[in-house]
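>>> Quick one, fold the following:
(chains A and B, ligands or ions: 4)
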Amino acid sequence: MRNFGFSTTKSRTIDYEKIDNRLIRYVLENEPTFNACLSCGSCTAICSAGNLTSFNIRRLSLQIRLGELEHAHEELDKCMLCGKCLLECPRGINTRNVIMLMKKGLYLIESESKEKNDR
Amino acid sequence: MIDNLFILPFTLGMITLFVILFIKYGLWISRLSKIDKLRIVQSLFSRRTLAAISESFMEGLIHRKMFRRHGLLGYMHMSLAFGWFLLIVFGHIEVFVQTGSFSTYPWIPIFFNYFNHDSFPGERIMANVMDFLLLFVLSGVLLAYFKRINSKVFGIKKTTKLKPGDRFAMASLWCIFPLRLFAESATAALYGNGGFLTNTVALCFQWVTPEVETGLWWAYSISLGIFFVCMPFSRYMHILTEILFIFLRHYGIKLKKQFNSYSRIQVYSCSRCGVCIDVCQMHIANISNNQSVYILKNMRDHDLTARKLYNCMLCGRCESACPVGINLNDLRISQRIKASKEYNSDYAFLQTLPCEPVVEDKKPEVIYFAGCMTHMTPGIKKSVVQVLEKAGVNYQFMDKEKGACCGRPLMLAGQYQAAQKLIEFNREKIIESGATTLLVSCPICYKVFRDDYELGQITIKHHSEYFLELVEQGKISLKKSDKSIVYHDPCELGRGCGVYIPPRTLLSKTGTVLSTEQEKVTSLCCSGSLGDLSLSMADRNIIKAETLKVLLKQNPDVLATACPLCKKTFVKGVDIQVKDIAEIIVDAME
Ligand code: SF4
Ligand code: SF4
Ligand code: SF4
Ligand code: SF4
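Ligands and ions are numbered 1, 2, ... in the order given. Okay, here's the model as predicted:
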């Protein structure tokens, strides 16, 4: 293909039928309160890890809801589980549990696909 | 000789019990760490052994702590354990009185009345003493029957459920002493060698023939044999495990965060007395399946679910009430560590954080670590700084702008390796500062600094302790008002670190401190605990309301706390002033 010096961006259309919902399903099954998250971002504003890094728990939650898991592991590893978000959340969501479940769910998904590859 | 065959069930049962015990103890001890084994060897011939023997006696037989919790329950356990022990001891004395020697077959003292019909000097006295002891044990057995029917009388709301193996052992235990009574009474009816009890019961046994008598002795022996064989596989194993546990504890062996052989010994030491069920506040929110006794059972049966494991505030109320002294909090944490060890973080970003340069000539005396929770409550942070400034303390504010978490919340969630990363990072900063005192204003941080940081010479102080020192040194002076104050003991500060008095002494310099029904070691959890990962906000609020009821019963002017998380939790539930000690001190400073 000729290089015209510019490129097109990847389509951002979300096809809800095709979303990889394994992780979000796992989290919601085990911590249903997360259903009530309104993405207000209070948790993110107060976040201890967010104070030290570019960590953004609200963005991460949104990405996971959309099945975008590429950066999830690396991002989740920044949370220190301090619990500030828990106190700030207007919806009373067990945010620490949500994060632990995301970590565990991701681990389960990763080891599952590893197993598949090994076979 | 044929007659004597009935000693076989008892004897074989006892031998089996000893062999199994020997193997079990051997395996447990051999799996302890090298250092722990060294500890045992070093203290084997020291005073610690004597202390352990006396505690085994007081707790294993007399059940002193259980008595303190509930008299009737204590009596039941004591009459069974201590009474049986005395029966054995006096059985041997009886043989001694008769033959002048202690050396005899082990079954002779057990079946003495069957083998000896002759009278000897002191026989009457011994027969009556033995009858009295039997009556003592039987009263315990009766209470045990009764407890199964109606446990409320024993101060227990719920009694624990039984497995089939336990039922078998329990049934045989319940039979042993009534059968002994019947067998001895039958013998007494035939030969008149009983004491006041057996001779009386013998009046109903006038019809017995020697065959019936032997049959009863057989039954007694069989029930003993069955009990001995079942014991190591039933709940009663706790009796023998607890003794080992007491010895190891006296030898200075401590529970580690990672599950090991010592943890297993603790798990098997649980007597299922149910004391931990009652003290747990989770009942208020109708959560009744995750109390420590159930968790320990799940650990033994390997069927602990994540839901149960993480739904506990780790408030430590059950741990401090447990008469056996099991380290329930750390045991639960060890399970969380096991469950989540595959996904720990390494916090690589910490390496890239810009560090403030250390100014050598301005070494602070105190390094203040506020922690995440204090940053959530700016009033507390401001007050601590104000007091330090007023007292002219040379201090450094470690996490004023940017700081990592202390690691305790990770530890509570079982993220052990991750917590270690934060600990390493913070420890380096603290030691580098050159300060001699680490000041904290959050009990959650305090706990992890004390337990897991290994800071060497640096003393760690909670602000309530430190401010009291400042007052005593005259660096700040306080004005006493006529306000009444109720002080709430935070779990991590009180039961966690044993700090009960300094906050009260300090507060009493600013007002009148009222005492409440449940305080110090029995204080209630505020419900905000970070130990619980899955408790819903609605349930937390239900538990909080009950705690507040107890705290505010006397209508104090101020509800004082010493933990930013407790404050944050309480503030959303009351009309009266909720203040941290630091804020109260600032108000009272002259
Ligand atoms: S628990 Fe994690 S996400 Fe929540 S405030 Fe702390 S670091 Fe941020
Ligand atoms: S504070 Fe609560 S509701 Fe708001 S984004 Fe965070 S989790 Fe969702
Ligand atoms: S954990 Fe302690 S208090 Fe609870 S049942 Fe066992 S021995 Fe009793
Ligand atoms: S630590 Fe507290 S919440 Fe957990 S089981 Fe014990 S008493 Fe209940």
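>>> Relative to ligand 3, how far out is residue B:255?
14 Å (Cβ to the nearest ligand atom, to the nearest Å). For every residue, glycine as well, the C-beta is placed using N, CA and C.
>>> should've said residue A:27
Taken as Cβ to the nearest ligand atom, the span from residue A:27 to ligand 3 is 32 Å.
>>> Ok, residue B:228 next?
For residue B:228 relative to ligand 3 (Cβ to the nearest ligand atom), the value is 23 Å.
>>> so where does that residue fall, helix or strand?
helix B:210-230 (DSSP states H and E).
>>> ok, and the closest non-adjacent residue to residue B:199?
The shortest distance from residue B:199 to any non-neighbouring residue, by Cβ to Cβ, 6 or more residues apart in numbering or on different chains, is to residue B:188 (5.3 Å).
>>> What is the neighbour count of residue 83?
Using chain A. Other residues lying near residue A:83 total 25 when counted by other Cβ atoms under 10 Å in any protein chain shown.
>>> oops, I was thinking of chain B
Around residue B:83 there are 22 residues (other Cβ under 10 Å).
>>> quick one: it and residue B:130 touch, right?
No - taking contacts as Cβ atoms under 8 Å, residue B:83 lies outside contact range of residue B:130: 11.3 Å.
>>> picking that back up, heading C-terminal from the helix holding residue B:228, find the next helix or strand.
helix B:237-250.
>>> elements contacting the helix or strand of chain A with the lowest mean pLDDT?
In chain A, no helix or strand scores lower on mean pLDDT, DSSP states H and E than helix A:95-118, which sits at a mean of 91. Under the contact definition 3 or more Cβ pairs under 8 Å, 6 or more residues apart in numbering or on different chains; DSSP states H and E, helix A:95-118 sits against helix A:22-30, helix A:57-65, helix A:72-76, helix A:84-88, helix B:328-340.
>>> how about the CA coordinates for the very next helix or strand once past the first one, as PDB?
Scanning forward in sequence from helix A:22-30 by DSSP H and E, the next helix or strand is helix A:42-46. Taking only C-alpha atoms (Å, rounded to 0.1, in the frame of the first residue of the first chain), the coordinates of helix A:42-46 have been written out as PDB:
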ATOM      1  CA  SER A  42     -15.300  10.000  43.200                       C
ATOM      2  CA  CYS A  43     -13.200   6.900  43.800                       C
ATOM      3  CA  THR A  44     -10.700   8.100  41.200                       C
ATOM      4  CA  ALA A  45     -10.400  11.600  42.600                       C
ATOM      5  CA  ILE A  46      -9.500  10.300  46.100                       C
END
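>>> buried stuff in helix A:42-46?
Applying a neighbour-count criterion of 16 or more other Cβ atoms under 10 Å in any protein chain shown, one finds A:42, A:43, A:44, A:46 buried in helix A:42-46.
>>> which residues touch residue B:520?
B:489, B:494, B:500 (Cβ atoms under 8 Å, 6 or more residues apart in numbering or on different chains).
>>> So for it, what's the pLDDT?
We have a pLDDT of 94 for residue B:520.
>>> backbone phi and psi for it, please?
phi 50, psi -120 (degrees, to the nearest 10).
>>> what do you get for residue B:577?
phi -70, psi 130.
>>> which parts of the stretch 301-450 of chain B sit against ligand 3?
Contacts of the stretch 301-450 of chain B with ligand 3, taken as Cβ under 6 Å from any ligand atom, map to B:322, B:324, B:326, B:328.
>>> if we go to 5 Å?
B:322, B:324 (Cβ under 5 Å from any ligand atom).
>>> same thing with chain B?
Taking Cβ under 5 Å from any ligand atom, the part of chain B that reaches ligand 3 is made up of B:270, B:271, B:272, B:273, B:275, B:276, B:292, B:293, B:322, B:324.
>>> any idea how far the residue lying closest to the last one once chain neighbours are set aside lies from chain A?
When you say that, I think you mean residue B:324. Closest residue in space to residue B:324, ignoring its immediate chain neighbours: residue B:269 at 5.3 Å, by Cβ to Cβ, 6+ apart. Separation of residue B:269 from chain A (Cβ to the nearest Cβ, to the nearest Å) stands at 30 Å.
>>> Which members of the residues of chain B next to ligand 3 occur in strands, if any?
Among these, DSSP state E puts none in strands.
>>> Low-confidence bits of the chain, can you list those?
Since no chain was named, I'll use chain A. Along chain A, the parts satisfying pLDDT under 70 run over A:1.
>>> wait, chain B
For chain B (pLDDT under 70), the answer is B:1-3, B:155-161, B:354-361.
>>> How about the residues of it by ligand 4?
B:280, B:291, B:292, B:312, B:313, B:314, B:315, B:317, B:318.
>>> where does the fifth one fall, phi/psi-wise?
It refers to residue B:313. The phi/psi pair for residue B:313 (degrees, to the nearest 10) is phi -80, psi 0.
>>> check contacts around it.
Counting by Cβ under 8 Å, 6+ apart, residue B:313 has contacts B:281, B:282, B:491, B:525, B:527, B:529, B:531, B:532, B:535.
>>> Kindly recompute the last result at 7 Å.
B:525, B:529, B:531, B:532, B:535 (Cβ atoms under 7 Å, 6 or more residues apart in numbering or on different chains).
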